[in-house]
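J.: Would you be able to build a 3D model of this:
(2 chains)
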Amino acid sequence: MLFDVNVVIKLKGGMLSPEAKAISHALSSLGMKSEYLNTAKFFEIGIDAENADAAKAKAAEMCERLLANPVIHSYTIEVKKA
Amino acid sequence: MRFAVLQFGGSNCDRDALHVASDVCGVDTDLVWYKDGLKKNYDAVILPGGFSYGDYLRAGAIAARAPIMADVVKHADAGGLVLGICNGAQIGAEAKLVPGVFTMNEYPKFICKGVYLKVLNNTSPFTNRFRLGEVIKIPIAHKEGRYIASPEDLSRLEAENKIAFKFCDEKGNVDAASNPNGCTDNITGVLGGCKDNVLLMMPHPERASEEHLISTDGMKVFDSMIHYLESKGE
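T.: Just a heads-up that it's a prediction; the model follows:
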């Protein structure tokens, strides 16, 4: 069965994000103040699996082995029926 | 004695590293395309600088998962020398040859300039030709060179004397003002492997290995490798 899997990877809390800092600064120079701002990478992945749990497990392996670097990243996985 | 310089799609300092190893140091050196695998026994493998796979995802992340890196890890596990320079250091860290990661500079801009480094280990296969505490000048050229590791890994690196180089000023002061990319504790050269047989460093020693370049300090990294291998009898 094909599942739509959404993976969001972001920096762990407390990690410096130069990108977020630059964007936040640009927003404030436009007069829009943000109390906090984080950025993330978003992946839409089609995964063929027996069930949702198996699709999630496959996505987790993708995160652990390539998509995320556990030294600096955390990730969330959301599985939906295609 | 034989060295290999790996070439990934997007490597662009491969020929510089080859030139120094081969023409300047006189070591038989092969350029090895990543799809060809490590087919010979090499004394040292150099992961050169550049932008492998466009630095997509994270710098070095995709190259680190290329099958040839399994050969490199095996070579390192057997005590073979691995020198990762710049993108090569990012690839090596992504392949877990040392703990930690080289990520986006604190100010997210590409920096290309000569910097000073302090030598903190002069017993490794890559640093035995330096004096302890020596201040050397070698250029950097990176946007993702800020070294980060967990507090546990950092204390282990310190305790086991695995930190080869730190950014410093001309006088050898290691401080925030002499840190170009915001890396933890100014660390920019990390040793790995059971015999300190892996060195991952952001600065480019191959760009400081001839009289007409910024300095000849980088040459001592290559000289150290050769000295280590010769004294091993290889």
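
J.: alpha carbons only for contacts and neighbour counts from here, please
T.: Will do.

J.: Counting by contacts, list what the longest helix along chain B packs against.
T.: Of all the elements of type helix in chain B, the one with the most residues (DSSP state H) is helix B:219-231. Contact analysis of helix B:219-231 by 3 or more C-alpha pairs under 8 Å, 6 or more residues apart in numbering or on different chains; DSSP states H and E lists no helix or strand as a packing neighbour.

J.: Can you list the buried residues in that helix?
T.: For helix B:219-231, the buried set under the neighbour-count rule, 16 or more other C-alpha atoms under 10 Å in any protein chain shown, comprises B:Met219, B:Lys220, B:Val221, B:Phe222, B:Asp223, B:Ser224, B:Met225, B:Ile226, B:His227, B:Tyr228, B:Leu229.

J.: Likewise for stretch B:151-162?
T.: Taking 16+ other C-alpha under 10 Å as the basis for neighbour counts, the residues of stretch B:151-162 that come out buried are B:Leu154, B:Leu157, B:Asn161, B:Lys162.

J.: Secondary structure added to these, as CSV?
T.: Formatted as CSV, the entries for the buried residues of stretch B:151-162 read as follows, by DSSP: H, G, I helix; E, B strand; the rest coil:
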residue, secondary structure
B:Leu154, helix
B:Leu157, helix
B:Asn161, coil
B:Lys162, coil
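
J.: May I ask which two of the residues you listed are separated the most?
T.: Of all pairs drawn from those, the widest gap by C-alpha to C-alpha lies between B:Leu154 and B:Asn161 and measures 10.5 Å.

J.: where does chain B have low pLDDT?
T.: When residues are selected by pLDDT under 70, those of chain B lie in B:234.

J.: show me where it has strands.
T.: B:2-7, B:28-33, B:44-47, B:81-85, B:101-103, B:111-119, B:135-142, B:146-148, B:163-168, B:187-192, B:198-201 (DSSP state E).

J.: Taking chain A, what residue is nearest to chain B?
T.: Distance from chain B to each residue of chain A (C-alpha to the nearest C-alpha) is smallest for A:Pro18, at 5.7 Å.

J.: Report the contact partners of that residue.
T.: Applying C-alpha atoms under 8 Å, 6 or more residues apart in numbering or on different chains, one finds that A:Pro18 lies in contact with B:Met104, B:Asn105, B:Glu106, B:Tyr107, B:Pro108.

J.: For B:Gly133, which non-adjacent residue is spatially closest?
T.: Distance criterion C-alpha to C-alpha, 6 or more residues apart in numbering or on different chains; nearest residue to B:Gly133, sequence neighbours excluded, is B:Val119 at 5.0 Å.

J.: Can you report how many residues lie near the one you found?
T.: Applying other C-alpha atoms under 10 Å in any protein chain shown, we find 22 other residues in the vicinity of B:Val119.

J.: about what we covered before: the buried residues of stretch B:151-162 into JSON lines, with extra columns for distance to B:Tyr147?
T.: Shown next, in JSON lines, are these (distance: C-alpha to C-alpha, whole Å):
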{"residue": "B:Leu154", "distance to B:Tyr147": "11"}
{"residue": "B:Leu157", "distance to B:Tyr147": "13"}
{"residue": "B:Asn161", "distance to B:Tyr147": "17"}
{"residue": "B:Lys162", "distance to B:Tyr147": "14"}
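
J.: Name the nearest of these relative to chain A.
T.: Out of the buried residues of stretch B:151-162, the member with the shortest distance to chain A (by C-alpha to the nearest C-alpha) is B:Leu154, at 12.3 Å.

J.: So what's the residue count around residue 19?
T.: This is for chain A. The number of residues packed around A:Glu19, counting by other C-alpha under 10 Å, is 17.

J.: Chain B, not that one
T.: Taking other C-alpha under 10 Å as the criterion, the count of residues near B:His19 is 16.

J.: What's the separation between it and B:Glu211?
T.: Noted for B:His19: a distance of 14 Å to B:Glu211, by C-alpha to C-alpha, to the nearest Å.

J.: same deal with B:Gly192?
T.: The separation that B:Gly192 has from B:Glu211, given C-alpha to C-alpha, amounts to 30 Å.
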